[in-house]
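*Asks:* need coordinates for the following:
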Amino acid sequence: MPIRITGMNSGLDTEAIITELSKAQKTKVDKVKKEQTAYEWKRDAWKDLNSKIYKLFNTTVNNLRMESNFAKKTTDVSDSSVAEVVTGGNAMYTAQDLEVERLATSGYLTGGELADTTKKTTKLSELGITVGEKITVKSGSKQTEIEITDSMTIESFVNALKGAGLEANYDANYRRIHIAAKDSGSANDFELSSTGNALDTLKISDATAANRIKGENARLTLNNVAYESDSNTFEINGLTITAKAAGTATMTTRQDTDGIYDMIKNFFKEYNGLINEMDKLYNAESTKGYEPLTDEEKAELSDDEVKKWETKIKDSILRRDSNLSSISTAMKNIMLQGATVNGKQMYLSDFGIETLGYFSAEKNEKNAYHIDGDADDAAVSAKEDKLKAAIASDPDSVISFFSQLGQNLYTEMNNQSRSIDGVRSFGSFYDDKRMLEEYNSFASKIKKQEAKLTAFQDRWYNKFTAMETALARLQSNQNAVSGLFGGM
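*Replies:* Numbering: from 1, shown residues only. Modelled structure (predicted):
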């Protein structure tokens, strides 16, 4: 940009004059920039909302439409202190007799007490152990040889045991070596042997003062059939049984009716949260007269004032948005349609699930559904719980209804999010491609208006420059004449 030096002869503040003359054209530039900012905010708002809608569609609704997701099973244990059970999908609906005979144990050795002077830094050779002697460690299927060296101390020997696959430690307070298998069960137990007197000297052999606990498998009997496991967990015919204590109990596997209820309730919790947000965005108050601020306008306000101003605009950025209306209306219509179960047309109201009504519901919560008898919902908690009653009496019909509802909602939302060339991408519930194209077009619009502003200002600078040049010539001529008269 050229350096403009003006007002030298006229004394006029031409910068201020031209800035004032350019206001109308500058306003056109600012207008396009504000439109670009508002459009960017709108795209950001849609990106955030779209991720929430897609999550409901692709996760929650997708799960709801699958009957297999409802057919959950649970197992009651008559004495929970004996065992706990996780029920798999292929477990049988039946009662079974369980007896836990013993729990799994890990091999453990507590060494005898060594001499008072024995420290971690004490060399094994100082205890009378022959250098070159070898100790064989068998840990499960792993076998390792430890050779006694001249520099090997109690501490380095313990570390060698760890390297052989054992847990090991030297308790300096009581001067005992402790050794344990890493895993429980007989197959994971350990054995120690040596070619000399090392084990006896260290008091970790069965013939010395060591206390040895053998690793044993857990053992239980289910329906008079014995089972063993190297841990306290058994996987038997679709059940994962974790033994907790010796004793007897009865295990009863049944359909998880609470799970069916929770799945339906969780769906409505997420659906309501989203539909309420969509209604709030669509019904937002008008912000006519509000528009994004220029840098000059922001400079005249405090940071808090700027934030409040922009928040007001952003909160209403999707007001009366056509994309928002399309997807929310489609979802609401599906929820009203119901489904056919065993030849009978049923609706959500048959299960005690309804909206509160136009006059009873809070603003922007008129399309949210409430489950009668839901203890977490004060508006309907006192009503009869028809849904739980239906699940208890005929769970298959409940599952059929809600899986159909989920399928219908999934199909409609899938249609709403189909890819349209030049308009929207797959998985988008708004015209993301079109909005991106329109957003990018602002760059050329701004460039065009800025070029007009520059041309306008250049024309005025040229006019003032010409004036200054004329004034300079006039001043020069006046000086010349004055010079002539001054010389007479």
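
*Asks:* and the gap between the spatially most central residue of the chain and Arg418?
*Replies:* For the chain, the residue nearest the mean C-alpha position is Lys55 (11.3 Å; CA atoms, centre = their mean). To Arg418, Lys55 is 18 Å away according to CB to CB, to the nearest Å. For glycine as for every other residue, the C-beta is placed from the backbone atoms N, C-alpha and C.

*Asks:* ok, now Asp394?
*Replies:* Look at Asp394 and Arg418: by CB to CB, they are 36 Å apart.

*Asks:* likewise Ala470?
*Replies:* Shown here: Ala470 relative to Arg418, a distance of 69 Å by CB to CB.

*Asks:* same thing with Gln96?
*Replies:* Distance, Gln96 to Arg418, using CB to CB: 50 Å.

*Asks:* pull the helix or strand encompassing Val137 out as PDB, backbone CA atoms only.
*Replies:* Under the criterion of DSSP states H and E, Val137 resides in strand 134-139. The C-alpha trace of strand 134-139 is given here as PDB (Å, rounded to 0.1, in the frame of the first residue of the first chain):
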ATOM      1  CA  LYS A 134      22.700 -74.200  41.200                       C
ATOM      2  CA  ILE A 135      19.100 -73.700  42.300                       C
ATOM      3  CA  THR A 136      16.400 -74.900  40.000                       C
ATOM      4  CA  VAL A 137      13.100 -73.000  40.100                       C
ATOM      5  CA  LYS A 138      10.000 -74.500  38.500                       C
ATOM      6  CA  SER A 139       7.100 -72.000  38.200                       C
END
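
*Asks:* parallel or antiparallel, list what pairs with it.
*Replies:* With DSSP bridges as the test, strand 134-139 is paired with strand 142-147 (antiparallel), strand 190-194 (antiparallel).

*Asks:* contact partners for Ala210?
*Replies:* Counting by CB atoms under 8 Å, 6 or more residues apart in numbering, Ala210 makes contact with 109-112, 203-204.

*Asks:* please narrow those residues to those residing in strands.
*Replies:* Among these, the residues falling in strands (DSSP state E) are 109-110.

*Asks:* now the buried members of the contacts of Ala210.
*Replies:* Applying 16 or more other CB atoms under 10 Å to those, the neighbour count classes 109-112, 203-204 as buried.

*Asks:* coming back round to it: pLDDT and distance to Tyr358 added to the contacts of Ala210, as TSV?
*Replies:* TSV is the format used below for the contacts of Ala210 (pLDDT from 0 to 100; distance: CB to CB, whole Å):
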residue	pLDDT	distance to Tyr358
Leu109	97	76
Thr110	97	76
Gly111	96	80
Gly112	95	84
Lys203	96	85
Ile204	96	81
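
*Asks:* closest to Lys447 among the contacts of Ala210?
*Replies:* Of all the contacts of Ala210, Lys447 sits closest to Leu109, with 82.4 Å by CB to CB.

*Asks:* that closest one bridge partners, please.
*Replies:* Leu109 has the following beta-bridge partners by DSSP bridges: Ile179, Arg212.

*Asks:* wait, it sits on Arg176?
*Replies:* No - counting by CB atoms under 8 Å, Leu109 does not reach Arg176; the two are 9.8 Å apart.

*Asks:* okay, now Thr27: neighbour count?
*Replies:* Neighbour count of Thr27, defined by other CB atoms under 10 Å: 12.

*Asks:* again but with Ser393, I slipped
*Replies:* A count of nearby residues for Ser393, using other CB under 10 Å, gives 9.

*Asks:* show me the contacts for the residue lying closest to Asp30 once chain neighbours are set aside.
*Replies:* Among residues not flanking Asp30 along the chain, Thr294 sits closest, at 5.2 Å (CB to CB, 6 or more residues apart in numbering). Each residue near Thr294 by CB under 8 Å, 6+ apart is listed here: 30, 33-34.

*Asks:* okay, now the unreliable bits of the stretch 51-200 of the chain?
*Replies:* Within the stretch 51-200 of the chain, no range satisfies pLDDT under 70.

*Asks:* residue ranges of the helices in it, please?
*Replies:* Here the stretch 51-200 of the chain has its helices, by DSSP state H, counting those that start in this stretch, at 62-64, 154-163, 198-201.

*Asks:* please name every helix or strand in contact with the shortest one.
*Replies:* When you say that, I think you mean helix 62-64. Other helices and strands packing on helix 62-64, by 3 or more CB pairs under 8 Å, 6 or more residues apart in numbering; DSSP states H and E, are helix 257-282, helix 395-416.

*Asks:* again, but for the longest one
*Replies:* Applying 3+ CB pairs under 8 Å, 6+ apart, one finds that helix 154-163 contacts strand 142-147, strand 166-171, strand 176-181.

*Asks:* mind listing residues that contact the first one?
*Replies:* For strand 142-147, contacts defined as CB under 8 Å, 6+ apart pick out 132-137, 157, 160-161, 163-165.

*Asks:* same question for stretch 408-428.
*Replies:* 50, 53-54, 56-58, 61-62, 64-65, 326-327, 330-331, 333-335, 337, 339, 429-434, 437.

*Asks:* that stretch - what's its average pLDDT?
*Replies:* For stretch 408-428, mean pLDDT is 94.

*Asks:* before we move on, back to that, turn the helices and strands packed on helix 62-64 into JSON lines, columns for mean neighbour count and distance to Ala71.
*Replies:* Conversion of the helices and strands packed on helix 62-64 to JSON lines gives the following (neighbours: other CB atoms under 10 Å; distance: least, CB to CB, whole Å):
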{"stretch": "helix 257-282", "mean neighbour count": "18", "distance to Ala71": "9"}
{"stretch": "helix 395-416", "mean neighbour count": "19", "distance to Ala71": "7"}
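
*Asks:* the ones you listed into CSV, with extra columns for distance to Arg424?
*Replies:* Below are the helices and strands packed on helix 62-64 laid out as CSV (distance: least, CB to CB, whole Å):
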stretch, distance to Arg424
helix 257-282, 17
helix 395-416, 10
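
*Asks:* please compute how far stretch 406-425 lies from its chain's middle.
*Replies:* Centre-to-centre, stretch 406-425 and its host chain are 24 Å apart (CA atoms, centre = their mean, to the nearest Å).

*Asks:* ugh, wrong one, stretch 345-364
*Replies:* With CA atoms, centre = their mean as the basis, stretch 345-364 stands 31 Å off its chain's centre.

*Asks:* buried stuff in it?
*Replies:* For stretch 345-364, burial by neighbour count (16+ other CB under 10 Å) applies to 346, 348, 350-353, 355-356, 361, 364.

*Asks:* and for stretch 158-172?
*Replies:* Buried, per 16+ other CB under 10 Å, within stretch 158-172: 158, 160-161, 164-168, 170.
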